[in-house]
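Visitor: Fold the following and give me the result.
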Amino acid sequence: MRLPAFAIALFLLLAPAPLHSQAAQEEPELLRLEGLLNEARELQSAQLPAARAKLELLLEELRRLQQSAAVSPARTRIHESALVLRISLQTKLLESEDAILASFRELLALNPLVDYALFNPREKVLLEKVRAAETGRLALQTAPAGMKVSLMGRELGITPLTIPMIAGSHTLHIRGEGYIDEALPIVIQPAEVLIAERTMRRKAVEIPVGLSAPDVNVFLDGRLLGQSRGYDEWVSSLPSSPLRALVAGWGADKRSASFFRLPEVPVGQPVILEFKATCYEPVKMTVTVAEQDVDWSRPALAHPELRLVSLVRDTGFMEISSDPPDAVVWIDGKMAGRTPLSTEICSGTRRVKVIHAAGQYMREVILRRGQALRITGELKPALAFFGIYAAEGQGSRIPALEAEWQSAARHLALRLSAFTHLQLTAEEIEFLQRNGQLPIEALLGAGGEPARDPRPGPGCGRSSRPGQHAASGTTGGQQVSVPSLQHTAPA
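Guide: Model prediction:
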């Protein structure tokens with residue numbers, strides 16, 4: 001019966017890739033070795049002695065490579081297949097039992113778990129004879145458990161593991177994710193039960209860090225790992241209890257310090273750590289975790305240099321005053337208090353703005369660490385506009401002053417640096433000015449529309465006289481002459 005085309009394609013996709021195609025991807029030598037094995041297989045049907053001789057040459061080369069070259073799982077599979085073929089040829093050629101037993105010994109040394117299904121009944125009897133007389137048992141445990149064990153590149157199982165081993169010397173390889181690969185040499189005798197234990201070494205460890213500053217950004221080799229936290233929040237986020245136990249033994253001040261977990265610090269390799277926080281001098285250090293300092297049975301390490309990293313505050317002090325006092329002080333766009341004001345500020349270039357109903361002044365200063373800086377100034381108003389504008393209804397305007405009114409509106413819109421309104425607080429004015437939302441056009445009534453309440457958010461303006469607001473603006477000390485105009489609500 002002919003299979004449909006799609007069924008043939010599916011079979012080709014699901015069928016395992018031939019050994020020679022995998023070997024070709026690894027190295028040309030493997031392809032050559034498998035080619036020799038295939039030649040011996042083709043000869044066995046008609047020329048048994050020739051197949052036996054070719055196979056012996058291949059086995060000699062494989063044994064030489066096994067001694068001199070690095071372990072290759074693909075080459076080990078070729079070696080096993082060659083020995084299985086050799087045993088089959090020996091049986092067909094009626095070679096001595098000792099010769100066949102020797103082949104089985106070599107095969108079991110490569111793969112202690114060789115499959116019985118590969119052999120005929122007579123060969124199975126000889127295989128069992130070798131195992132009964134010349135094998136011991138290996139019981140292997142690792143700390144932690146769950147490590148993969150291999151022999152000559154072939155996986156034998158997961159620890160804890162008990163397997164039969166042909167008598168002699170062997171080297172097992174143990175590996176696990178996050179751990180350094182281990183080589184375990186053993187010598188086992190016939191009928192012996194050999195118990196072996198191995199504590200695995202981690203490639204990296206977790207290290208808790210104590211910091212003298214809050215909210216510290218932590219960098220490892222230039223990569224931001226995260227930000228430190230207060231003790232309670234930090235402890236609740238930890239994935240493992242050993243870290244909590246380590247920190248509990250430090251006796252650190254849990255109220256003033258912050259903490260961080262370095263998740264993957266490689267053992268035996270130097271790493272660069274950086275700690276940066278607002279208003280603190282950054283700290284940079286090189287740390288190496290030495291193998292002799294690591295308790296390999298635990299995932300966490302208490303590093304003495306990281307028990308408490310001290311960050312020095314990078315601040316100065318400002319004393320800000322005004323005449324008259326009780327002016328609102330803004331530092332870098334944030335309200336800091338009222339004059340007279342004494343406060344600690346991060347060092348660097350700072351913009352100070354002092355606002356009062358009587359006027360304002362601004363200073364841009366450079367504050368150095370540990371410096372005490374006194375800032376004072378006279379509050380000078382710069383009146384550019386004063387008038388009345390309607391909050392409700394259709395206002396009236398003097399037609400003869402229309403052109404001058406619009407000219408003043410354009411000038412103020414471009415040059416305005418301060419704004420005062422009877423119904424707005426200094427904080428609301430600062431917010432509107434920072435966001436470019438001062439209602440200058442509404443204030444001046446440009447375009448003939450009634451003025452609107454300039455405060456952020458919903459609401460109507462209120463004034464001492466119903467339907468009117470009083471407002472003033474400045475243009476950074478340059479006076480602008482604008483007639484006093486009034487929009488009045490109709491009676």
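Visitor: For the stretch 101-250 of the chain, give me the ranges with low pLDDT.
Guide: For the stretch 101-250 of the chain, applying pLDDT under 70 flags the ranges 240-241.
Visitor: Which parts of it are strands?
Guide: 135-143, 148-151, 154-158, 161-166, 168-175, 182-188, 193-199, 204-211, 217-220, 223-227 (DSSP state E, counting those that start in this stretch).
Visitor: And the stretch 301-450 of the chain, by the same measure?
Guide: Assigned strands in the stretch 301-450 of the chain, in chain order: 315-320, 328-331, 334-338, 341-346, 348-356, 359-367, 372-375, 385-390, 418-421 (criterion: DSSP E, counting those that start in this stretch).
Visitor: how far out from the middle of the chain is the host helix or strand of residue 77?
Guide: Secondary structure from DSSP states H and E places residue 77 in helix 73-92. Relative to the chain's own centre, helix 73-92 is displaced by 49 Å; criterion: CA atoms, centre = their mean, to the nearest Å.
Visitor: Tell me the helices and strands packed up against that helix.
Guide: On a contact count with 3 or more CB pairs under 8 Å, 6 or more residues apart in numbering; DSSP states H and E, helix 73-92 meets helix 19-26, helix 28-43, helix 48-68, helix 97-110, helix 121-134, strand 154-158. Every residue, glycine included, has its C-beta placed from N, CA and C.
Visitor: If we use 6 Å, what do you get?
Guide: Helix 73-92 sits against helix 28-43, helix 48-68, helix 97-110, with contacts defined as 3 or more CB pairs under 6 Å, 6 or more residues apart in numbering; DSSP states H and E.
Visitor: The second one vs helix 97-110, what angle?
Guide: If you take axes from the mean of the first three to the mean of the last three CA atoms, to 10 degrees, helix 48-68 sits at 40 degrees to helix 97-110.
Visitor: tell me the mean pLDDT for helix 48-68?
Guide: Per-residue pLDDT values over helix 48-68 give a mean of 90.
Visitor: centroid residue for this structure?
Guide: Geometric centre of the chain, nearest residue: residue 225, 5.5 Å, by CA atoms, centre = their mean.
Visitor: Could you find the closest non-adjacent residue to it?
Guide: residue 218 (4.9 Å; CB to CB, 6 or more residues apart in numbering).
Visitor: can you tell me which residues contact residue 344?
Guide: Listed by CB atoms under 6 Å, 6 or more residues apart in numbering, the contact set of residue 344 reads 315, 317.
Visitor: make that residue 199, sorry
Guide: Going by CB under 6 Å, 6+ apart, residue 199 touches 143, 296.
Visitor: is it in a bridge, and if so with what?
Guide: residue 143 (DSSP bridges).
Visitor: got the CA coordinates for stretch 324-339 in PDB?
Guide: Below are the C-alpha coordinates for stretch 324-339, written out as PDB (Å, rounded to 0.1, in the frame of the first residue of the first chain):
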ATOM      1  CA  PRO A 324       9.900  90.500  54.900                       C
ATOM      2  CA  PRO A 325       9.900  86.900  56.400                       C
ATOM      3  CA  ASP A 326       7.300  84.200  56.000                       C
ATOM      4  CA  ALA A 327       8.000  83.800  52.200                       C
ATOM      5  CA  VAL A 328       7.400  80.400  50.600                       C
ATOM      6  CA  VAL A 329      10.700  78.700  49.600                       C
ATOM      7  CA  TRP A 330      11.000  76.400  46.600                       C
ATOM      8  CA  ILE A 331      14.200  74.300  46.000                       C
ATOM      9  CA  ASP A 332      14.500  72.700  42.600                       C
ATOM     10  CA  GLY A 333      10.800  73.000  42.000                       C
ATOM     11  CA  LYS A 334       9.700  71.500  45.300                       C
ATOM     12  CA  MET A 335       8.300  73.400  48.300                       C
ATOM     13  CA  ALA A 336      10.800  73.300  51.200                       C
ATOM     14  CA  GLY A 337       9.100  75.500  53.800                       C
ATOM     15  CA  ARG A 338       8.900  79.200  54.800                       C
ATOM     16  CA  THR A 339      11.500  81.800  55.600                       C
END
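Visitor: coming back round to it: identify whichever of the strands of the stretch 101-250 of the chain lies nearest to residue 96.
Guide: Ranking the strands of the stretch 101-250 of the chain by proximity to residue 96 (CB to CB) places strand 161-166 first, at 19.7 Å.
Visitor: on that earlier part again, residue 259 is in contact with the residue nearest to residue 225, correct?
Guide: No - here residue 218 does not reach residue 259: they are 10.4 Å apart, not a contact under CB atoms under 6 Å.
Visitor: okay, those two: which has more neighbours?
Guide: Neighbour totals were compared for residue 218 and residue 259, and residue 259 leads with 24 against 21 (other CB atoms under 10 Å).
Visitor: Could you measure from the more buried one over to residue 279?
Guide: Residue 259 sits 19 Å away from residue 279, taking CB to CB, to the nearest Å as the criterion.
Visitor: rewinding a little: save the strands of the stretch 301-450 of the chain as a markdown table, and put in distance to residue 198 too.
Guide: Below are those laid out as a markdown table (distance: least, CB to CB, whole Å):
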| stretch | distance to residue 198 |
| --- | --- |
| strand 315-320 | 54 |
| strand 328-331 | 62 |
| strand 334-338 | 60 |
| strand 341-346 | 53 |
| strand 348-356 | 56 |
| strand 359-367 | 60 |
| strand 372-375 | 63 |
| strand 385-390 | 86 |
| strand 418-421 | 77 |
